[in-house]
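[1] Mind folding the following:
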Amino acid sequence: MSYIDLAGQKIGRWSVLFRTDKKKVVKYVCQCECGNKREVLSASLRSGKSKGCGCRDTEKSAKAIRKIHRSTYISW
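    Numbering: from 1, shown residues only. Next comes the predicted model:
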């Protein structure tokens, strides 16, 4: 059976480590830039649907909240 081996590639914030031995679906163990490791579907990696563990969204949210609070205090 032929498949595209993504091990060793960098996709978004993911570093693809190795392919798992699942029978029905192709998954890879990936490590995010923040250090989190997760199993990610091959299709999600190839399509760009999965770019990281979600840590970047958390960082962006925290930054937006700080910006809102800063502007609130300035207006008082």
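
[2] Now for the residue nearest to the spatial centre of the chain: which residues touch it?
    The centre of the chain sits closest to Gly52, judged by CA atoms, centre = their mean, with a distance of 0.7 Å. With contact set as CB atoms under 8 Å, 6 or more residues apart in numbering, Gly52 has these partners: 12-14, 32-34. (C-beta placed from N, C-alpha, C; glycine too.)

[3] Show me the two of those residues that sit farthest apart.
    Taking CB to CB, the two most distant members of these are Gly12 and Cys34; they sit 12.3 Å apart.

[4] tell me which helix or strand of this structure sits lowest on mean pLDDT?
    helix 55-75 (a mean of 63; mean pLDDT, DSSP states H and E).

[5] I'd like to know how many residues surround the residue nearest to Cys30 when sequence neighbours are not counted.
    When the adjacent residues along the chain are set aside, Cys30 lies closest to Trp14, with 4.1 Å between them (CB to CB, 6 or more residues apart in numbering). Taking other CB atoms under 10 Å as the neighbour definition, Trp14 ends up with a count of 25.

[6] contacting residues around Trp14?
    30-32, 40, 45, 50-52.

[7] So which of those residues are in helices?
    Mapping those onto helices (DSSP state H) picks out Leu45.

[8] Find the residue ranges of the protein scoring beneath the pLDDT cut-off.
    Within the chain, the stretches falling below the threshold (pLDDT under 70) are 1-2, 57-76.

[9] List the buried residues in stretch 37-55.
    The neighbour-count check on stretch 37-55 (16 or more other CB atoms under 10 Å) flags 40, 42, 44-45, 50, 52-53 as buried.
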